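Asks: Test case, fold it:
(chains A and B)
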Amino acid sequence: MSSGRVPDFGPLVGAYLARQDWAQSALGSFGATSLPAQVVDVEVLRTEHPGMASVIVQCRDCTFHLVLGWRPVTVAPGVLGAQSDAVLGPGWDSTGEVLVYAALADSELVVRLLESVSGGGERAERGRVVQSLVSHASLVYDDRLFMKCYRVIEPRPRPEVEMVWRLDAAGFNHMLAPVGHWQRNGRDLALVREFVPGAVEGLALARTSLRDLLARADSTNNGAPFADVGLAGGDLGPEMRRLGETTARMHLALATAFGTEPLPRGGVGAAGGGGAVVASAVRVHGDYHLRRVMRTDSGWLVAGFGDDPLMGAAAGAASQGEGRFASPLEDVADLCCSLQIAAAEAVALQTRSTRAHAGVLAQGWLEHNIAAFVSGYMSMAGIERLIPGTRPDVDLALSVLRSARDSEGGSEGA
Amino acid sequence: MADRQLGGARWYEAAVFYELLPRSFFDSNADGIGDFKGLTARLDYLEWLGVDCLWLLPFYPSPLRDGGYDVSDFMSVAPECGSVEDLAALVEDAHRRGIRIISDLVMNHTSDQHPWFAESRSSRDNRKADWYMWADDDQGYADVRVIFVDAEPSNWTFDVPRQQYYWHRFFHHQPDLNYDNPDVVEAMLGVVRFWLDIGLDGFRLDAAAYLSKKEGTTCENLPATHEMLKRIRREVDRHHADAVLLAEVNQWPSDVVDYFGDSDECHMAFHFPLMPRMFMAVRREQRFPITEILAQTPPIPEGCQWGIFLRNHDELTLEMVTEDDRDFMYAEYARDPRMRRNVGIRRRLATLVGNDRRVAELLHALLLSLPGAPVLYYGDEILMGDNIYLGDRDTVRTPMQWTPDRNGGFSTADFAQLYLPPLMDPVHGYQAVNVEAERRDSSSFLHWLKRMLQVRRQYPEFATGSLEVLSADNPSVLAYLRAPRSRSEAILGNGADRGVPTTDAAAADEEEGQGATVLCVHNLSRFAQPAQLSLARWGGATPVELLGRVPFPPVAETPYSLTLPPYGIYWFELRE
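Replies: You can find the predicted model right below:
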């Protein structure tokens, strides 16, 4: 069944957007029953039922991207089930009356969307929405591919899209590789990347390690020091060393992809000092902590260039900011702070009687794992081009940066 | 278990193997040494337990300087173990019960007491002068590592009678055979034929990677070695089409798959790197050591199977782990230096896991549900301990503990006469740990294991199904699916063609599991853990727990939530 004519979306989008939390958040406007929305661009992806179109809507100073579907009014309710919130309303195509709805509520259209976005290059048997945020919806296909379908459209290229593609071109393979990219009239509409099932946040590994260690916390006042308790079975050191290597690879790739800049006056961080150990600034990750790194069967992946499906919903507020050039040690320090926060949180979960000894053990754990992480980082061939300083210089610079983070209130992630 | 039959040519794919030392199993004639008649007398027990194939460690005449792997006569039985006739009777009785028997075949070397070597070393021009690897100096094969680093400074040893050096990959009293010599090849093929004619169902090929030597190489995995193994396979197929060749190749899976050839070399090969990683995963309380090595394990040809194990008669080898991981394993599992040997840990399962039954169950659940044919080690089914004060690997080769009586029921000989002293410590000694007590206690580990073997038998997917590791948000949770590779394969591959039940009741069991998808979930942590599994593809299916047949809430589109007790195990059938 096909139609040369598609429903008129214009009358439907205002009321629909007014019901969407994500649109209200983007506009900073709550409580309206309808919004002054204007359809400015439509690309019809399918005319056969179920139909599908990519619709750009201007609403106040925001530009939204809606992927809409439609089916005959006799069919659509059965497909949508209880997802009444996805319905925009009735419309007409050349076959008759249809119901227009958000396409992501229709499992068939979710699969068709991947085909459209990839120009037919990718197909999947099954797709599902795994996350719904203000800026985008995340979809996973066959536990193989992941799509970010943007809702809030920016007038310029999205930094994460640029970052991902340029890192890929620089040969950095410790991230979810980009597979496809949907762009229209200079607007980024969707990004398709590999999905790695079984990935686990670095924070989960750190907590596993701490759990093992802190189970030995003694409630008496004479608990043994970390050196005597020894490393717990869940020693994180080797993993941290590998993560350090991956982090160094990331910085080298960033330097290749975006070049380097002279380090701003004042040293490696806001606190200043220690600048002599860093040769130049690179475009940093900027939001580097234990929820931005994922352990997979093939090693560590770096996520969070924008956001990632591998991260839980709580990590959804990833940085969307402009790319920033700074000392690569800022990312290193951020990760160290993240370890520190993880340790502190684990200690806080202890009972009052074991907390003191747990704190001693956690401090040993922290020093051990930071040392392993930095060792791995500094061992990567080529990193000396960015960080020509000696290890003591680097440790000093990191302590300065970490102190600065502490005074700012700590890293966001862990 | 009398309903079991021997099955067809691919019986080994679904088999559960049981490795034992005849000398340590049961002594029938009160000489202090286990023997074939004793083993035959204990077949009732092995049949009750539910194993499919016995793997006998070397029983050949030997000076016993390496646990019998220093063979001094390939075509005979060490007198203390009995006779060839005793072995034939054992095989016949075992076959009657549906149990097969394979033995170690030590092809790479002989004892220096073997007549072949005696003749070879006697001069440089005798008939067997080049049956071994002789050289005028010890400079050859400089790239080859020494395996027994604790005992041997070099792979060359000077022989005074011949005034030449001979080559040995293992102990100096185990000279390597020269397979470039066709007479050696023929002699070894004769050994193979001899034992197949007695009725053995195959061989575990000891040190299979080292047969051929070539200057400038590591002398491991060489093409000529593969050619020799294929030659043996052809000989085996000609004489006993159901026989199995199980390769001992302590290498990476990507190298070991070569030993399957194009289904024309070894039927099976041990998956060595998986073993230490199971222990590592439990102690680290995270799945990655296991999932990483599974991801690096390539597919194997049709009709081939991995042999997987937790412990065996050797040390827990750490050759296939990184230095970091080796240090970790020593620190966690071998704090006493006496527990270490060569590049490994000479301890049994029970002592490795601190006698924690929950960990033993978890590790066995992994063993029985991961791809491959599980190989149990005698005594581990009752959580026998070890004796690190004994030499070499005798630590893990002490007599089987049958009863709380004298010598653990192993022998009525005087204690001083025993082959090795049985364990008598208060925790692992035979008074506390023995078959009699465990059989009488229906909640014992032995009964648990027997039950798990029964469950495994009902689901052929455990043996030959595909493996899909599932996403779980919790790194301490390891979950995977074992599913039929395809319905047609499952039907063709797991019916009468295998060593599977054939009576009505057993066939009904088999039908129950036919074509099923099994979900295995394991908590690697000593603490209770939540898990959320990606099972959307199975939306609507009902997980039915395999031990109690308890239906769990159906799977929905959202991640499936489970709570696992410490070291908890769930095996489910996903019923659509």
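Asks: so what secondary structure elements neighbour the helix or strand harbouring A:A404?
Replies: Using DSSP states H and E, A:A404 sits within helix A:391-408. Helices and strands touching helix A:391-408, by 3 or more CB pairs under 8 Å, 6 or more residues apart in numbering or on different chains; DSSP states H and E, are helix A:329-348, helix A:352-379. Quick note: C-beta positions are derived from backbone N, CA and C, even for glycine.
Asks: Identify each buried residue in it, please.
Replies: By neighbour count with 16 or more other CB atoms under 10 Å in any protein chain shown, helix A:391-408 contains the buried residues A:V394, A:D395, A:L396, A:A397, A:L398, A:V400, A:L401, A:R402, A:A404, A:R405.
Asks: now the helices and strands packed on helix A:391-408 in JSON lines, with mean neighbour count?
Replies: Output for the helices and strands packed on helix A:391-408, formatted as JSON lines (neighbours: other CB atoms under 10 Å in any protein chain shown):
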{"stretch": "helix A:329-348", "mean neighbour count": "24"}
{"stretch": "helix A:352-379", "mean neighbour count": "20"}
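Asks: closest one to chain B among these?
Replies: Chain B lies closest, by CB to the nearest CB, to one member of the helices and strands packed on helix A:391-408: helix A:352-379, at 9.6 Å.
Asks: that older thread, of the buried residues of helix A:391-408, which one scores lowest on pLDDT?
Replies: The member of the buried residues of helix A:391-408 with the lowest pLDDT is A:R405, at 78.
Asks: Nearest approach to B:R341 belongs to which of the helices and strands packed on helix A:391-408?
Replies: Judged by CB to CB, the one of those that comes nearest to B:R341 is helix A:352-379, at 28.9 Å.
Asks: Report the angle between that closest one and helix A:391-408.
Replies: Taking axes from the mean of the first three to the mean of the last three CA atoms, to 10 degrees, one finds helix A:352-379 and helix A:391-408 inclined to each other by 130 degrees.
Asks: Go ahead and measure how far helix A:352-379 is from the middle of the chain.
Replies: The chain centre lies 26 Å from the centre of helix A:352-379; the measure is CA atoms, centre = their mean, to the nearest Å.
Asks: Can you tell me which residues in the stretch 151-300 of chain B are near chain A?
Replies: Residues of the stretch 151-300 of chain B that fall close to chain A, judged by CB under 8 Å from any CB of the partner chain: B:R283, B:R284, B:E285, B:Q286, B:F288, B:T291, B:E292, B:L294, B:A295.
Asks: Let me have those in CSV, adding pLDDT, secondary structure and neighbour count as columns.
Replies: Shown next, in CSV, are these (pLDDT from 0 to 100; DSSP: H, G, I helix; E, B strand; the rest coil; neighbours: other CB atoms under 10 Å in any protein chain shown):
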residue, pLDDT, secondary structure, neighbour count
B:R283, 91, helix, 24
B:R284, 90, helix, 29
B:E285, 92, coil, 23
B:Q286, 92, coil, 28
B:F288, 93, helix, 22
B:T291, 95, helix, 21
B:E292, 92, helix, 18
B:L294, 94, helix, 20
B:A295, 92, helix, 13
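Asks: how about a markdown table for those residues, with distance to B:D262 added?
Replies: Shown next, in a markdown table, are those (distance: CB to CB, whole Å):
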| residue | distance to B:D262 |
| --- | --- |
| B:R283 | 39 |
| B:R284 | 38 |
| B:E285 | 41 |
| B:Q286 | 37 |
| B:F288 | 33 |
| B:T291 | 29 |
| B:E292 | 28 |
| B:L294 | 23 |
| B:A295 | 24 |
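Asks: Between all of the residues you listed, which two are separated the most?
Replies: Taking CB to CB, the two most distant members of these are B:R283 and B:A295; they sit 20.4 Å apart.
Asks: A:D228: how many residues sit nearby?
Replies: For A:D228, the neighbour count with other CB atoms under 10 Å in any protein chain shown is 8.
Asks: Tell me which helix or strand B:R358 sits in.
Replies: helix B:357-369.
Asks: Please apply the same query to A:W92.
Replies: Using DSSP H and E, A:W92 sits in strand A:87-93.
Asks: just checking, what packs against that strand?
Replies: Using 3+ CB pairs under 8 Å, 6+ apart, strand A:87-93 is in contact with helix A:10-19, strand A:62-72, strand A:96-102.
Asks: Out of those, which is the most enclosed?
Replies: Comparing the helices and strands packed on strand A:87-93 by mean neighbour count (mean count of other CB atoms under 10 Å in any protein chain shown), strand A:62-72 ranks first with a mean of 23.
Asks: chain center to the helix or strand just after that strand: distance?
Replies: Per DSSP H and E, the first helix or strand lying C-terminal to strand A:62-72 is helix A:76-80. Chain-centre distance of helix A:76-80: 32 Å, with CA atoms, centre = their mean.
Asks: what ranges do the helices span in chain A?
Replies: For chain A, the helices defined by DSSP state H occupy A:10-19, A:21-27, A:76-80, A:107-117, A:159-169, A:202-214, A:226-229, A:237-258, A:329-348, A:352-379, A:391-408.
Asks: Any regions of chain A where pLDDT drops low?
Replies: A:1-4, A:221, A:229-232, A:264-276, A:305-323, A:409-414 (pLDDT under 70).
Asks: picking up where we left off before, quick check: angle from the strand holding A:W92 to strand A:96-102?
Replies: Here strand A:87-93 runs at an angle of 150 degrees relative to strand A:96-102 (the same axes, to 10 degrees).
Asks: Quick check: beta-bridge partners of the residue of the stretch 1-150 of chain A at minimum distance from chain B?
Replies: Relative to chain B, the nearest point of the stretch 1-150 of chain A is A:R128 (5.8 Å; CB to the nearest CB). Judged by DSSP bridges, the bridge partners of A:R128 are A:V140.
Asks: That one contacts A:L114, doesn't it?
Replies: No: A:R128 is beyond contact range of A:L114, at 11.6 Å (criterion: CB atoms under 8 Å).
Asks: Pick out whichever of the two has more residues nearby.
Replies: Between A:R128 and A:L114, counted using other CB under 10 Å, the more crowded position is A:L114 (23 against 20).
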